[in-house]
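Q: okay, here's the prediction I keep looking at, along with the sequence it came from:
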Amino acid sequence: MTDTPLLDRVSGPADLKALTDGELARLAHEVRRDVINTVAQTGGHLGSSLGVVELTVAIHAVFDTPRDKLIWDVGHQCYPHKILTGRRDRMATLRQGGGLSGFTKRSESDFDPFGAAHSSTSISAALGFAMGREMGMPVGDTIAVIGDGAITAGMAYEAMNHAGHLGKRLFVILNDNDMSIAPPVGALSKYLNEIAAKGPLALFKAAAEEFESHLPGPVRDGARRARALVTGMPGGGTLFEELGFSYVGPIDGHDMGQVLATLRAARARATGPVLIHAVTVKGKGFAPAESAADKYHGVSKFDPETGEQAKAKSNAPAYTTVFGNALTDEAARDPRVVAITAAMPSGTGLDIMAKRFAARVFDVGIAEQHGVTFAAGMAAAGLRPVCAIYSTFLQRGYDQIVHDVALQGLPVRFAIDRAGLVGQDGATHAGAFDIGFLANLPGFTVMAAGDEADLVHMLATAIAHDEGPIAFRYPRGEGMGVDLPARGVPLEIGKGRVMKVGSDAAILSYGAHLAEALAAAELLEAERISVTVADARFAKPLDTALIDLLVEDHPALITLETGATGGFGALVLHHLAKTGGLEKGRAIRTMTLPDRFIDQASPAQMYAWAGLTAKDIAATIRAALGRVETITRPGLRII
Ligand SMILES: Cc1ncc(C[n+]2csc(CCOP(=O)(O)OP(=O)(O)O)c2C)c(N)n1
Ligand SMILES: CC(=O)[C@@H](O)[C@H](O)COP(=O)(O)O
Ligand SMILES: [Mg+2]
């Protein structure tokens, strides 16, 4: 037997067909080591990837990818998949500028038929591909791999409901590791655990049906009722069978023999939708991950021997921590304050509040739509709900924001973390659109924190604001290191603040890029260009008096935001257009994120690509003042 690692002999999934089952199990071991050694260097989503190593090897061995479409839900667990599909040599570039995405991505490989990163989309996409096959498109089988967290989202049931109705051949592999980012919540999680605890139910069900079919009528019905008690469903099936799926499982998702046999049997016999329930362990095969509370869901670089993670070097507290502490203080003062997260208690900082007020923090699972309307109901009941959802994930609940919150003028407070570009999670996680999609809603109050101290005041403002919906945004990562107030003081609604007074130009900054605005002003001071820097604080209602004063007193006005076009700058232009402010011979420029998606890199690199660095701001002011300036872009890739 050659000592060459199997992984060195595998250039793609086709090579797996020639391996024995024993070799496939050995290959899985090698892939697991590769994932650990890679992520030790790059950081990333380790726990999830380790939990699907055997599933990944077996799926590619049994099915005929890429003709068979393998779709990973969320896609954060795709590192073994990328190693086996021709990208092993690029894994060291994972989640870096110009490198591999941390999620599946169509433009990266034929083996990534559908992009992901936002949860619970895989079954819908797989069903779409299956219908393509049914209508003659060049598609083979379709396989969606979805986790026990991702399957808590309503979209997954919409898809299964439709798949059960269509009855077309489709494979859903439920990767049940009894973990979301945090321990999973909800009745479904309890249900899955009950099934998992009962052992291979499918065999039980088949045997029971065979046995029951020989029983006389009334006795048979009694037996069926008894089975229903075991499985929890009237027909004696599982929830998934009630939705029209054949259910197989639970199987041990790390037992290569079981997984291969199950996949081969399902592939040979399926005539309609099949759900295979695989029980796995998040972080499998790496003791520090398996024993960690978060199973090393998302890690920085670490020592592959000890698992010890590199500490982020920073002297300023993270915005998230500032928010979590300030919210806990507000909750201590007001029993009506409650908080809602969609499966991200630690990411949003609600875990801080939960330490003191566990009964007032609600984790709704990966269910942003429900979370928003749940908060609306709480507001209607007289509570003061704070809905803490990342900007990018808030997109998932937009109709609920419009229809259930804004239309009814309900005072839901939205704490929008990860505003702007987020770095290694890339384009799918950018918090680019919330300014535009909230500030155009009648009755909404929309704020952005210029620094972490103002975040504390904006939270206090939101808590005190019972007049209607209110939102405040803040970025991923550390603040400016400014002193934090002992207690938040509500701001005057619609009023900005002037940070620095100059005369040649004015920057009206909205949000945390205030630091870059101040740095740009400093750069220009050296050229004897004096710049006023104002912090708008509100995108709605605008501080129109401040805007008019800035236009009146300066030959040039620049607006600045870490959001897409159609946000803050557009609202300022609307105001000026309506009031004649554009006819005063002033040079007016808006600085926003560019109208394109930006791939993962460090936040600094991404803002350089976006043209929103202090140098870019200074160059824009020089240009606005008539001093021509060419700005060269680093030659890195932008999609
Ligand atoms: C719509 C949406 N909300 C929240 C998230 C953040 N998120 C990423 S992975 C994850 C947990 C996924 O759990 P599960 O599906 O069980 O996968 P596992 O990590 O256990 O393999 C969450 C909440 C997301 N990606 N998409
Ligand atoms: C995969 C996923 O969507 C989450 O794990 C996300 O990557 C978390 O982002 P933060 O690291 O900014 O909390
Ligand atoms: Mg899970």
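A: Yes, it's here. Ligands and ions are numbered 1, 2, ... in the order given.
Q: buried residues in stretch 144-156?
A: 144, 145, 146, 147, 148, 149, 150, 151, 152, 153, 155, 156 (16 or more other C-beta atoms under 10 Å). Any C-beta I mention is one placed from the backbone N, CA and C, and that applies to glycine too.
Q: distance of the last one relative to residue 45?
A: In this structure, residue 156 and residue 45 are 20 Å apart, going by C-beta to C-beta, to the nearest Å.
Q: for the chain, where's the lowest mean pLDDT among helices and strands?
A: For the chain, counting by mean pLDDT, DSSP states H and E, helix 201-212 ranks last in confidence among helices and strands (a mean of 54).
Q: how many other residues sit next to the residue nearest to residue 307 when sequence neighbours are not counted?
A: Spatial nearest neighbour of residue 307, chain neighbours left out: residue 288 (2.5 Å); criterion: C-beta to C-beta, 6 or more residues apart in numbering. Other residues within reach of residue 288, judged by other C-beta atoms under 10 Å, total 20.
Q: pop out the phi and psi values for residue 179.
A: phi -150, psi 140 (degrees, to the nearest 10).
Q: share the number of residues neighbouring it, please.
A: So residue 179, with other C-beta under 10 Å, has 23 neighbours.
Q: for the nearest residue to it once chain neighbours are set aside, pull up the helix or strand it's in.
A: Leaving out its chain neighbours, the residue that sits closest to residue 179 by C-beta to C-beta, 6+ apart is residue 282, at 4.4 Å. Residue 282 belongs to no helix or strand when assigned by DSSP states H and E.
Q: with respect to residue 263, which of the buried residues of stretch 144-156 is nearest?
A: Nearest to residue 263 out of the buried residues of stretch 144-156 is residue 145 (C-beta to C-beta; 11.6 Å).
Q: doesn't that closest one fall inside a helix?
A: No - applying DSSP: H, G, I helix; E, B strand; the rest coil, one finds residue 145 to be strand, outside a helix.
Q: who are the contact partners of the residue in the stretch 151-300 of the chain positioned nearest to ligand 2?
A: Distances between the stretch 151-300 of the chain and ligand 2 by C-beta to the nearest ligand atom are smallest at residue 298, namely 4.9 Å. Neighbouring residues of residue 298 by C-beta atoms under 8 Å, 6 or more residues apart in numbering: 43, 44, 45, 46, 181.
Q: just the closest of the residues you listed to ligand 1, please.
A: residue 181 (4.6 Å).
Q: tell me, how many neighbours does the residue of the stretch 301-450 of the chain found nearest ligand 1 end up with?
A: Residue of the stretch 301-450 of the chain nearest ligand 1, by C-beta to the nearest ligand atom: residue 343 (3.8 Å). Per other C-beta under 10 Å, the neighbour tally for residue 343 reads 26.
Q: re earlier: give the contact list for the residue nearest to residue 307.
A: So residue 288 contacts 296, 302, 306, 307, 308 (C-beta under 8 Å, 6+ apart).
Q: just to be sure, residue 453 is in a strand?
A: No - counting by three-state DSSP, one finds residue 453 to be helix, located in no strand.
Q: which residue, other than its chain neighbours, is closest to it?
A: residue 482 (4.8 Å).
Q: was I right about residue 505 contacting residue 621?
A: Yes - the pair residue 505 / residue 621 is scored as a contact, 4.8 Å apart, by C-beta atoms under 8 Å.
Q: what is in contact with these two at once?
A: Common neighbours of residue 505 and residue 621 (C-beta under 8 Å, 6+ apart) are 524, 529, 531, 556, 558.
Q: so which residues on the stretch 151-300 of the chain come close to ligand 3?
A: With the criterion set to C-beta under 5 Å from the ion, the stretch 151-300 of the chain comes near ligand 3 through 177, 179.
Q: any idea how far the residue of the stretch 151-300 of the chain closest to ligand 2 is from ligand 1?
A: Between residue 298 and ligand 1 the computed distance is 9 Å (C-beta to the nearest ligand atom, to the nearest Å).
Q: if I look at residue 608, how far off is residue 113?
A: 32 Å.
Q: quick one: low-confidence parts of the stretch 501-639 of the chain?
A: Scanning the stretch 501-639 of the chain for pLDDT under 70 picks out 627-639.
Q: strands along that one, start to end?
A: Along the stretch 501-639 of the chain, counting by DSSP state E, counting those that start in this stretch, strands occupy 505-510, 531-535, 538-540, 556-561, 587-591.
Q: nearest to residue 461, out of these?
A: strand 538-540 (9.7 Å).
Q: who does that closest one pair up with?
A: Paired neighbours of strand 538-540 in the sheet (DSSP bridges): strand 445-448 (antiparallel).
Q: could you dump the partner strand to CSV, C-alpha only?
A: Only the C-alpha atoms of strand 445-448 are listed here, as CSV (Å, rounded to 0.1, in the frame of the first residue of the first chain):
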residue,chain,number,x,y,z
THR,A,445,-36.2,57.4,13.0
VAL,A,446,-32.8,56.3,11.6
MET,A,447,-29.5,56.9,13.3
ALA,A,448,-25.8,55.9,12.9
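Q: what pLDDT, on average, does that strand get?
A: Strand 445-448 carries an average pLDDT of 98.
Q: report the buried residues of that strand.
A: Neighbour-count burial for strand 445-448 flags 445, 446, 447, 448 (criterion: 16+ other C-beta under 10 Å).
Q: ok, residue 431 to residue 293 distance?
A: 26 Å.
Q: which one of these two has more residues nearby?
A: residue 431 (26 against 10).
Q: quick revisit: nearest to ligand 1, of the shared contacts of residue 505 and residue 621?
A: Distances from ligand 1 to the shared contacts of residue 505 and residue 621, taken by C-beta to the nearest ligand atom, are shortest for residue 558, at 34.4 Å.
Q: hmm, residue 586 and the closest one touching each other?
A: No - the pair residue 558 / residue 586 is not scored as a contact, 10.8 Å apart, by C-beta under 8 Å.
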